[in-house]
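J.: Sharing a model prediction with you, sequence too.
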Amino acid sequence: MKAARRLDEIAPFRVMELLARANELAELGHDVIHLEVGEPDFGTPVPIVEAAQSALSRGETRYTDARGNFVLREAIAEFYKNRYAVSVSPDRIVVTAGASGGLLLLSALLMDPGDNLLMTDPGYPCNRHFLSSFNANALLVPVSAEDNYQLTPEAIGRYWNERSRGALVASPANPTGSVLSLTDAEKLADEVSKRGGVLIADEIYQGLVYESDQTDTVLKVSDEAFIVNSFSKYFGMTGWRLGWVIVPETFTRDLEKLAQNLFICPSAIAQAAAVAAFEEETIEILEEHRAEFATRRNFLVPAMRELGFDVPLMPAGAFYVYAGLPDSVEEDSESFCWKLLEDEYVAITPGTDFGFLEADRRIRVSYARDLSQLEQAVARIERVLR
């Protein structure tokens, strides 16, 4: 007996293997600094937790609408209206089991076997694996700092083929932290649209941008775009496993059918909690977190450059630094990451988790840890380099 052939195309998520070993070392008593996983170190804001506790006390533990509770979808729509001046009907919003559940639903909704979706290399690896689950493919487009690590209309024209269904962009992006401007987003949307394709925008780090007050949304330039978002990153609800997608009106019924069959519904308790995520008191807490992330970024990037790491662009969003190894490092990125973990108990992620373009000389460092831990991590990395 053997697993389906699609498993041959799905690589292990190396960061989770590093995390497992880091946890083993911590259990043995070592002082491990976790800079590998994309998880805010701040706890879920108190108003969100209290909303969940209140829902539990009222016994709100039953199935909900497969699309998510209307009160939550309405709150999400109101959030887009107030923060981004975008009008979205709650009927176009489907609450999902995390952004991963949303991307899985969109893969099932849009992709036939043999179809492909253009996306960046480097990029979040699970995106291409969602496609593999439906026998579709990721068409990886190499991008660099010169492209702001984003797709361009020229690249779409160069890589698009007869089986291309559309393009996936991420803003802010994992692992590079790059942000797509509205001007560039509009050009991409036009390029994809004229080819009869769809544009999917991964906006799960929306809100975590440091050069401006707010992250924009691709919905501002294209009402036909498919949006994926999450309560995990900006809202600090990673373990609650809740996200949402926004789709054009013509796709709402088909997406609902898929949600009914694949997931039944999202967590009722997580949904009740998430309504409080948009309250003014919660947003104030989240903005304090964003300011702290900016402080950490402003320390870590210069410190890594001083150690010889190549960071060509200051990451504009998310909470990652994507860097090239110093010339003095002879190991590839995976070997370097394992050496750093075993010798100095600092966990970071190799670039090979995020694609293929020069990936064996790239690493991703998360600054979702407090400043004192980042300072210790830099000192330990320096010891390994010397």
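T.: Alright, I've got the coordinates.

J.: which strands and helices sit next to whichever strand or helix holds Arg364?
T.: Counting by DSSP states H and E, the element that carries Arg364 is strand 362-366. When contacts are defined as 3 or more CB pairs under 8 Å, 6 or more residues apart in numbering; DSSP states H and E, strand 362-366 packs onto strand 320-324, helix 333-344, strand 349-350. Placement of C-beta: from N, CA and C, glycine included.

J.: Next, format those as JSON lines and append mean neighbour count and distance to Asn174.
T.: Output for these, formatted as JSON lines (neighbours: other CB atoms under 10 Å; distance: least, CB to CB, whole Å):
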{"stretch": "strand 320-324", "mean neighbour count": "25", "distance to Asn174": "6"}
{"stretch": "helix 333-344", "mean neighbour count": "18", "distance to Asn174": "16"}
{"stretch": "strand 349-350", "mean neighbour count": "26", "distance to Asn174": "10"}
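
J.: Output these as a markdown table; include the columns distance to Asn82 and mean pLDDT.
T.: Formatted as a markdown table, the helices and strands packed on strand 362-366 follow (distance: least, CB to CB, whole Å; pLDDT from 0 to 100):
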| stretch | distance to Asn82 | mean pLDDT |
| --- | --- | --- |
| strand 320-324 | 28 | 98 |
| helix 333-344 | 42 | 96 |
| strand 349-350 | 35 | 95 |
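
J.: how about those in CSV, adding distance to Arg21?
T.: CSV is the format used below for the helices and strands packed on strand 362-366 (distance: least, CB to CB, whole Å):
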stretch, distance to Arg21
strand 320-324, 20
helix 333-344, 6
strand 349-350, 12
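
J.: what does the strand holding Arg364 rub up against?
T.: 34-39, 122, 175, 300, 304, 309, 319-325, 333, 336-337, 348-351, 353-354 (CB atoms under 8 Å, 6 or more residues apart in numbering).

J.: what is the mean pLDDT for it?
T.: The average pLDDT within strand 362-366 is 97.

J.: That one pairs with which strands, and in what direction?
T.: strand 320-324 (antiparallel), strand 349-350 (antiparallel) (DSSP bridges).

J.: would CSV of these with distance to Ser87 be doable?
T.: Below are the strands paired with strand 362-366 laid out as CSV (distance: least, CB to CB, whole Å):
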stretch, distance to Ser87
strand 320-324, 32
strand 349-350, 39
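
J.: Leu371 is nearest to which of the helices and strands packed on strand 362-366?
T.: Of all these, strand 320-324 sits nearest to Leu371, with 14.4 Å by CB to CB.

J.: could you check the angle helix 333-344 makes with the closest one?
T.: 110 degrees (axes from the mean of the first three to the mean of the last three CA atoms, to 10 degrees).

J.: hey, C-alpha coordinates of strand 320-324 in CSV?
T.: Output of strand 320-324 as CSV, limited to C-alpha atoms (Å, rounded to 0.1, in the frame of the first residue of the first chain):
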residue,chain,number,x,y,z
TYR,A,320,10.2,38.6,8.9
VAL,A,321,13.6,39.4,7.6
TYR,A,322,14.6,37.5,4.4
ALA,A,323,18.3,37.6,4.1
GLY,A,324,21.3,36.2,2.2
